[in-house]
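Asks: need the 3D shape of this:
(chains A and B)
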Protein chains: 2
Amino acid sequence: MPLSSFRAFEPALAHAAQSVERTMDHLLPLGEGGEARVVEAMRYSSLGGGKRLRAFFVLAGATLFKVAALSSTRTASAIEFVHAYSLIHDDLPAMDDDDLRRGKPSCHKQFDEATAILAGDALQALAFEVLAHEDTHGDPAVRVALVSELAKAVGAHGMVGGQMLDLVGSGHSGERALRRVHELKTGRLIACAIHCALVYAQPPAEVELTLRAFAGELGLLFQIIDDILDVEGSEEALGKAVGADARLGKATYVSVHGLDRARALAGEAHGRAQGMLAELPGPTDGLAALVDLTYARRH
Amino acid sequence: MPLSSFRAFEPALAHAAQSVERTMDHLLPLGEGGEARVVEAMRYSSLGGGKRLRAFFVLAGATLFKVAALSSTRTASAIEFVHAYSLIHDDLPAMDDDDLRRGKPSCHKQFDEATAILAGDALQALAFEVLAHEDTHGDPAVRVALVSELAKAVGAHGMVGGQMLDLVGSGHSGERALRRVHELKTGRLIACAIHCALVYAQPPAEVELTLRAFAGELGLLFQIIDDILDVEGSEEALGKAVGADARLGKATYVSVHGLDRARALAGEAHGRAQGMLAELPGPTDGLAALVDLTYARRH
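Replies: Residues are numbered from 1 along each chain as shown, chains lettered A, B, ... in the order given. Below you'll find the predicted structure:
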């Protein structure tokens, strides 16, 4: 397994994660008045945990084009807020009904269902508020393009559509349907994290095309590994129940292809993603390390 | 009762409602693929019903400053999408548990809870996508300011915070707490609809202050009438169950003040709102008619 690069990046990743965590803490509202409960739930579910992979994708994409740290860190925080909202809503009893998330009770178990629904709703609004704020970028055209990119990625033909597909299609999906569920459910937000770099930098068309293709491979790689970990990962490392996909009868890369073939597909996606990086200008070692990390992660 | 003006405006209001409805229909995604179910739910809950009062507020505010019809109609649609999302989530069993909305089964009764949660989530994303799109305004600075205005209005210290307050505070609220719940829960989005006009036009400070104060009075007036209708309205006209506030033990202007005093407070808010309009430049007859309509509405 070509895991060379990301070990050397671990201190940098830890530093980046802390920086994003501090920024998220700063951007989240404080719990004042009677609405404190929803603010507590927003903080509970978005701070103090998580791999921050999507944040790393934003930051590493931004290093390609020398984007200012404040811009990329705030954008990364917005993406993480949306990710946190989606986990809160996906965990609800009416959806995937998960009691455990990031090693803690999921939001509706710690608080209650109403609070969890509202906390997710407010985290989505917060993500757009952060992107629209002038601290995120001096140029309003860039800020509004970030809003547009995120809104499309998470809507009915993006992340939410993917969750809908996942719910209605459980148990009767072939290879093509499986790929489409994941492209929407997890792939679109991961791709969006990479695409933010394009919004900042507006590079030549061939660079944009390569980076978009790279983002697609990264999303695919992420999902195959996720499906493998749901079978062979440990609940302790993952911080959530394993075997949930099988319990819900969901089609996954493992259920459709078997474990060995899923591992081979992950290896192929990893190889293609690394190959595409060679075609990009600027320093790609951060993105290369993240591809390795996505491939080799144990949680 | 000074209801003179809005009767004359009824044809214009009907025309505006049709125009907003057509625009919403055009902006909503089409149900393709497996995610069609969430798109159907979005369409079910946002089209073909509703008073469109918030849309009228955007349109009437825009007429003060000669804003282009495409801009104001798209903005009005975005506000209505957010309103529709909030109703879908508020009606869920974990929240207010309402089976009836706009004379039809509420979204989770017509579909299911998971679909209703996702439809609300996607409608919120759609609202921001619409505001960020260049068709809404040629100037990205205006578009991003609209996004910012809406995001703040609906977040943890806006509409969502108000719903949280309403849920945790049920049954033990005094006058001040009551006012704060409603300022957040319904007032902020209504005020946002009026504030959009300020984003387009950036009028002098004294005009902005007056229009902001007017928006506050309008939100208050709307809520007092809402509370009165929950007691003395008919289920047929309202399209939802009456007496829901009392059933949930919620503090309302009627439960705190009694019906007569609530009527008097509505009259005072109506008078103050109309008085403020005299201080504004531009044609205010549209807004004046809407103040009367808000006051005299039966549903």
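Asks: just give me how far the helix or strand bottoming out on mean pLDDT in chain A sits from the chain centre.
Replies: Within chain A, judged by mean pLDDT, DSSP states H and E, the helix or strand with the poorest mean is helix A:235-238; its value is a mean of 71. Centroid separation for helix A:235-238 versus its chain: 18 Å, with Cα atoms, centre = their mean, to the nearest Å.
Asks: and for stretch A:210-230?
Replies: Distance of stretch A:210-230 from its chain centroid, counting by Cα atoms, centre = their mean, is 11 Å.
Asks: same question, stretch A:73-82
Replies: Centre-to-centre, stretch A:73-82 and its host chain are 10 Å apart (Cα atoms, centre = their mean).
Asks: is that stretch positioned near chain B?
Replies: No - on the criterion Cβ under 8 Å from any Cβ of the partner chain, stretch A:73-82 is out of touch with chain B, staying 9.1 Å away. Every residue, glycine included, has its C-beta placed from N, CA and C.
Asks: which residues are contacting that stretch?
Replies: A:19-20, A:23-24, A:27, A:46, A:50, A:52, A:54-56, A:58-59, A:62, A:123-124, A:126-128, A:130-131, A:133, A:135-136, A:146, A:150, A:154, A:159, A:189, A:192-193, A:196 (Cβ atoms under 8 Å, 6 or more residues apart in numbering or on different chains).
Asks: buried residues in the least confident helix or strand of chain A, which are they?
Replies: Within helix A:235-238, the residues that count as buried by 16 or more other Cβ atoms under 10 Å in any protein chain shown are A:L238.
Asks: where does the prediction get shaky in the stretch 101-250 of chain A?
Replies: Applying pLDDT under 70 to the stretch 101-250 of chain A flags residues A:170-173.
Asks: now the helices for it?
Replies: A:107-110, A:113-132, A:140-154, A:159-169, A:175-182, A:188-201, A:205-232, A:235-238, A:244-247 (DSSP state H, counting those that start in this stretch).
Asks: circling back: residues in contact with the least confident helix or strand of chain A?
Replies: With Cβ under 8 Å, 6+ apart, helix A:235-238 has contacts from A:100, A:103, A:229, A:241-242, A:298-299.
Asks: repeat that with 6 Å
Replies: A:242, A:298-299 (Cβ atoms under 6 Å, 6 or more residues apart in numbering or on different chains).
Asks: got the CA positions of that helix in PDB?
Replies: The C-alpha coordinates for helix A:235-238 follow below in PDB (Å, rounded to 0.1, in the frame of the first residue of the first chain):
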ATOM      1  CA  GLU A 235     -16.700   0.300  16.500                       C
ATOM      2  CA  GLU A 236     -14.100   1.900  18.900                       C
ATOM      3  CA  ALA A 237     -12.100   3.400  16.100                       C
ATOM      4  CA  LEU A 238     -15.100   4.500  14.000                       C
END
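Asks: double-check that A:M42 belongs to a strand.
Replies: No - A:M42: not assigned to a strand; according to DSSP: H, G, I helix; E, B strand; the rest coil it is helix.
Asks: number of nearby residues for it?
Replies: Per other Cβ atoms under 10 Å in any protein chain shown, the neighbour tally for A:M42 reads 29.
Asks: OK, contacts around it?
Replies: Contacts of A:M42 (Cβ under 6 Å, 6+ apart): A:28, A:119, A:122-123.
Asks: cutoff 10 Å now
Replies: Shown in contact with A:M42 (Cβ atoms under 10 Å, 6 or more residues apart in numbering or on different chains): A:28-29, A:31, A:81, A:84-85, A:88, A:107, A:115, A:118-123, A:126, B:155-156, B:160.
Asks: what's the answer for A:R176, then?
Replies: Contacts for A:R176 were tallied using Cβ under 10 Å, 6+ apart; there are none.
Asks: hmm, back to that, deepest of the helices of the stretch 101-250 of chain A, which one?
Replies: Comparing those by mean neighbour count (mean count of other Cβ atoms under 10 Å in any protein chain shown), helix A:113-132 ranks first with a mean of 28.
Asks: pull the distance from that helix to the chain's centre.
Replies: Taking Cα atoms, centre = their mean, the mean C-alpha location of helix A:113-132 is offset from the chain mean by 16 Å.
Asks: so does it get close to chain B?
Replies: Yes - for helix A:113-132, a contact with chain B is found by Cβ under 10 Å from any Cβ of the partner chain, at A:113-132.
Asks: and that helix, C-alpha only, in PDB?
Replies: Extracted in PDB, the C-alpha atoms of helix A:113-132 (Å, rounded to 0.1, in the frame of the first residue of the first chain):
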ATOM      1  CA  GLU A 113     -35.500  14.700  18.200                       C
ATOM      2  CA  ALA A 114     -36.900  18.200  17.900                       C
ATOM      3  CA  THR A 115     -33.600  19.800  19.000                       C
ATOM      4  CA  ALA A 116     -31.600  17.600  16.600                       C
ATOM      5  CA  ILE A 117     -33.800  18.600  13.700                       C
ATOM      6  CA  LEU A 118     -33.500  22.300  14.600                       C
ATOM      7  CA  ALA A 119     -29.700  22.100  15.200                       C
ATOM      8  CA  GLY A 120     -29.200  20.600  11.700                       C
ATOM      9  CA  ASP A 121     -31.400  23.300  10.200                       C
ATOM     10  CA  ALA A 122     -29.400  26.100  12.000                       C
ATOM     11  CA  LEU A 123     -26.000  24.500  11.000                       C
ATOM     12  CA  GLN A 124     -27.100  24.600   7.400                       C
ATOM     13  CA  ALA A 125     -28.000  28.300   7.700                       C
ATOM     14  CA  LEU A 126     -24.800  29.000   9.500                       C
ATOM     15  CA  ALA A 127     -22.700  27.500   6.700                       C
ATOM     16  CA  PHE A 128     -24.200  29.900   4.200                       C
ATOM     17  CA  GLU A 129     -23.900  32.800   6.600                       C
ATOM     18  CA  VAL A 130     -20.200  32.100   7.000                       C
ATOM     19  CA  LEU A 131     -19.600  31.900   3.200                       C
ATOM     20  CA  ALA A 132     -21.500  35.100   2.600                       C
END
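Asks: just checking, A:A191 touches A:E183?
Replies: Yes - under the criterion of Cβ atoms under 10 Å, A:A191 makes contact with A:E183 at 8.5 Å.
Asks: residue contacts, A:L30?
Replies: Contact analysis of A:L30 by Cβ under 10 Å, 6+ apart lists A:36, A:39, A:43, B:156-157.
Asks: need the strands for the stretch 1-150 of chain A, in chain order.
Replies: Along the stretch 1-150 of chain A, counting by DSSP state E, counting those that start in this stretch, strands occupy A:100-101, A:104-105.
Asks: need these in a markdown table (columns: mean neighbour count).
Replies: Formatted as a markdown table, the strands of the stretch 1-150 of chain A follow (neighbours: other Cβ atoms under 10 Å in any protein chain shown):
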| stretch | mean neighbour count |
| --- | --- |
| strand A:100-101 | 20 |
| strand A:104-105 | 15 |
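Asks: which one of these lies closest to A:V291?
Replies: When the strands of the stretch 1-150 of chain A are compared by Cβ to Cβ, strand A:100-101 sits nearest A:V291, at 25.6 Å.
Asks: so, in contact with chain B or not, that closest one?
Replies: No - using Cβ under 10 Å from any Cβ, strand A:100-101 stays clear of chain B, with a minimum separation of 16.5 Å.
Asks: point to the residue nearest the middle of chain A.
Replies: Centroid check for chain A by Cα atoms, centre = their mean gives A:R54 as the closest residue, at 4.1 Å.
Asks: and the closest residue to A:I117 other than its chain neighbours, how close does it get to B:A141?
Replies: Leaving aside its sequence neighbours, A:I117 sits nearest to B:H89 (Cβ to Cβ, 6 or more residues apart in numbering or on different chains; 5.8 Å). As judged by Cβ to Cβ, to the nearest Å, B:H89 and B:A141 stand 31 Å apart.
Asks: doesn't A:P283 lie inside a helix?
Replies: No - using three-state DSSP, the assignment for A:P283 is coil, not a helix.
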